[in-house]
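*Asks:* Predicted model follows, preceded by the sequence.
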Amino acid sequence: MSETELSQPEADSQQLDEDDRLKPEFVRAVLDAVEEGDSEAARALVEPLHPADIADLFELTPHEERAALAKAITDLLDADVFAEMNDYVREDLIDALEPHQVADIASELDTDDAVAIIEDMEEDDQRAVLRALDPDDRAAIEEALSYPEESAGRLMQRELIAVPEHWTVGDAIDYLRGHEELTTDFWEIYVVDPAHKPVGTCQLSWILRTPRGVAISDVMKREQTLIPVDMDQEEVALRFQKYALISAAVVDSGGRLVGMITVDDVVHIISEEAGEDILRLSGAGEGDINEPIRLTVRTRFVWLVINLGTALLAASVVGLFEAEIAKFALLAALMGIVSGMGGNAGTQTLAVVVRALATNQLTSSNTTRMITREFMIALANGMLLGLLIGCGTGLIYGNLSLGIVFGLSILINNLVAGLSGVLIPVGLERAGVDPAVSSAVFVTMMTDCMGFFTFLGLAMLWGLSA
């Protein structure tokens, strides 16, 4: 083993912590070198890093210092680093580059990564970069940009291996060895008919283990999962997960092979979509810590205003029972517990249902079963909580009637929460609205309004007073 190889673990230990994250002292050392104008020292520190770690370095660097860091280590900023970089951070750096520099980076990337860099640029900048690209690269990227955002057409790679079904294994091997311009990153070969429609796939391991004279059509697997070019990326990820795919062919409306999607792209999509759903439930927008403050404020403010409206609606329900609250002030202290417990129960159900919808576990064929299941869960939890809280309230305050009203309110609002947590996201999904975006607002409104109305209404009917 060489001296360099022996020292690599030691170098890694100086840069990364036990969770493979850049150490704060290492980041500070790099930025100090940049600030002092010592580009050589900065490059020496950064050079051993993996492209993904260099991308992390830029994300950990304050916004105002990124340009200086980029200037100091320009020769280390290759296409792989930009491909790993956070969207907002990458946009910052791209804005500082000339169109021909962006074109040079894009030409080194797979089509899907190049599109990710170019698609968020201003239209004038896009055109300038596209003009600076080679005609073949420009045509591929322009075609990708013509597809909807977050579709398979944007996600797919054009670089793939396709061979006719009348070839032999030996023909395929000679083709792979005789064309240096072919992509080097692939797991399987696609077999196509004369109309360039995929008819099967052939794994590299089969090619290597099969005699040269055997026909490709005798080795290939005819069953395959084809991805329509306009399919949403979330549905693409679900297909990869369901069928344990490593790669899949992408076809246009005519069934012709136009690209492929690989599992490394899908892993990123699965993580991204899961994070988006959680953040949308809270109305926090994209939740990216590198997102410009003005965008974050705008997104959160909209949902806070909507929440204000639902809170005013709940307050108006309380206003209907001013006389009862005035007669028995303890109602004011306890009614928040009823709505709060309902809100928690609704959130639990909502999280399960939104996840089930996102992963295609909940469909029209099992919606009734899901509603029944959540109703039974809500009924059981409501009875147990109602009994516990009702008995406790009756004993603590020495008022059996108050305990009964409190317990019944908890039970009823728990049922409302359970049904709302299912029916609202399912209804929104059927109406074509993303249930992760707006379900939480409506579920909270239902549990607050019904919690106050049930508790105070029962108190009025029961004739509770001090």
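*Replies:* Thanks, I have it.
*Asks:* pretty sure residue 345 contacts residue 414?
*Replies:* Yes. Using C-beta atoms under 8 Å, residue 345 is in contact with residue 414, at 5.2 Å. The C-beta positions use only the backbone N, C-alpha and C, and glycine is treated the same way.
*Asks:* Give me the phi and psi for residue 150.
*Replies:* phi 60, psi 30 (degrees, to the nearest 10).
*Asks:* go on, residue 220?
*Replies:* phi -70, psi 160.
*Asks:* Likewise for the one 5 residues further on?
*Replies:* Phi and psi for residue 225, reported as degrees, to the nearest 10, are phi -100, psi 110.
*Asks:* Please name the residues that touch it.
*Replies:* Under the criterion of C-beta atoms under 8 Å, 6 or more residues apart in numbering, the neighbours of residue 225 are 239, 243, 245, 248.
*Asks:* Tell me how far it lies from residue 356.
*Replies:* Counting by C-beta to C-beta, to the nearest Å, the gap from residue 225 to residue 356 is 22 Å.
*Asks:* Residue 110: neighbour count?
*Replies:* Applying other C-beta atoms under 10 Å, we find 19 residues neighbouring residue 110.
*Asks:* same thing with residue 242?
*Replies:* 11.
*Asks:* Quick one: residues in contact with the helix or strand containing it.
*Replies:* If you go by DSSP states H and E, residue 242 is part of helix 233-243. For helix 233-243, contacts defined as C-beta under 8 Å, 6+ apart pick out 150-152, 154-155, 225, 227, 245, 248, 261, 263, 266, 269-270, 273, 358-360.
*Asks:* what's the next secondary structure element after the helix or strand bottoming out on mean pLDDT in the chain?
*Replies:* Least confident element among the helices and strands of the chain, by mean pLDDT, DSSP states H and E: helix 3-15 (a mean of 52). Going down the chain from helix 3-15, the next helix or strand is helix 24-35, by DSSP H and E.
*Asks:* Can you list the buried residues in that following helix?
*Replies:* Neighbour counts over helix 24-35 (16 or more other C-beta atoms under 10 Å) mark 26, 27, 29, 30, 31, 33, 34 as buried.
*Asks:* and what of stretch 334-353?
*Replies:* 334-335, 337-339, 341-343, 345-353.
*Asks:* could you pull out the strands for the stretch 151-300 of the chain?
*Replies:* Ranges of strands in the stretch 151-300 of the chain, per DSSP state E, counting those that start in this stretch, are 162-164, 188-192, 198-203, 226-228, 247-251, 257-262.
*Asks:* how close does the nearest residue to residue 67 once chain neighbours are set aside get to residue 77?
*Replies:* Nearest residue to residue 67, sequence neighbours excluded (C-beta to C-beta, 6 or more residues apart in numbering): residue 96, at 5.6 Å. In this view, residue 96 and residue 77 are 11 Å apart by C-beta to C-beta.
*Asks:* joint contacts of the two?
*Replies:* Going by C-beta under 8 Å, 6+ apart, residues that sit against residue 96 and also against residue 77 are residue 70.
*Asks:* When the two are compared, which one has more neighbours?
*Replies:* The neighbour count for residue 96 versus residue 77, taken as other C-beta under 10 Å, is higher for residue 77 (22 against 11).
*Asks:* how far away is that one from residue 51?
*Replies:* Going from residue 77 to residue 51 by C-beta to C-beta gives 9 Å.
*Asks:* SS state for residue 102?
*Replies:* The three-state label given to residue 102 by DSSP: H, G, I helix; E, B strand; the rest coil is helix.
*Asks:* how many neighbours does the closest residue in space to it that isn't next to it in sequence have?
*Replies:* Closest residue in space to residue 102, ignoring its immediate chain neighbours: residue 129 at 4.8 Å, by C-beta to C-beta, 6+ apart. Using other C-beta under 10 Å, residue 129 has 26 other residues around it.
*Asks:* what about residue 129, helix or strand, and which?
*Replies:* Counting by DSSP H and E, residue 129 is part of helix 123-132.
*Asks:* quick revisit: which phi and psi does the residue nearest to residue 67 have?
*Replies:* phi -90, psi -10.
*Asks:* Does it touch residue 68 like I think?
*Replies:* No. Between residue 96 and residue 68 there is no contact under C-beta under 8 Å: 10.6 Å.
*Asks:* Quick check: neighbours shared by these two?
*Replies:* Shared contacts of residue 96 and residue 68 (C-beta under 8 Å, 6+ apart): none.
*Asks:* Could you chop the protein up by domain?
*Replies:* Split into domains by automatic domain parsing, the chain comes to 162-282, 293-462.
*Asks:* Could you export those to a markdown table, including columns for distance to residue 81?
*Replies:* As requested, those are exported to a markdown table (distance: least, C-beta to C-beta, whole Å):
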| stretch | distance to residue 81 |
| --- | --- |
| domain 162-282 | 16 |
| domain 293-462 | 24 |
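*Asks:* just those domains: most buried one?
*Replies:* domain 293-462 (a mean of 18; mean count of other C-beta atoms under 10 Å).
*Asks:* Quick one: mean pLDDT for that domain?
*Replies:* Averaged over domain 293-462, pLDDT sits at 87.
*Asks:* any idea how far it is from the chain center?
*Replies:* Centroid separation for domain 293-462 versus its chain: 28 Å, with C-alpha atoms, centre = their mean, to the nearest Å.
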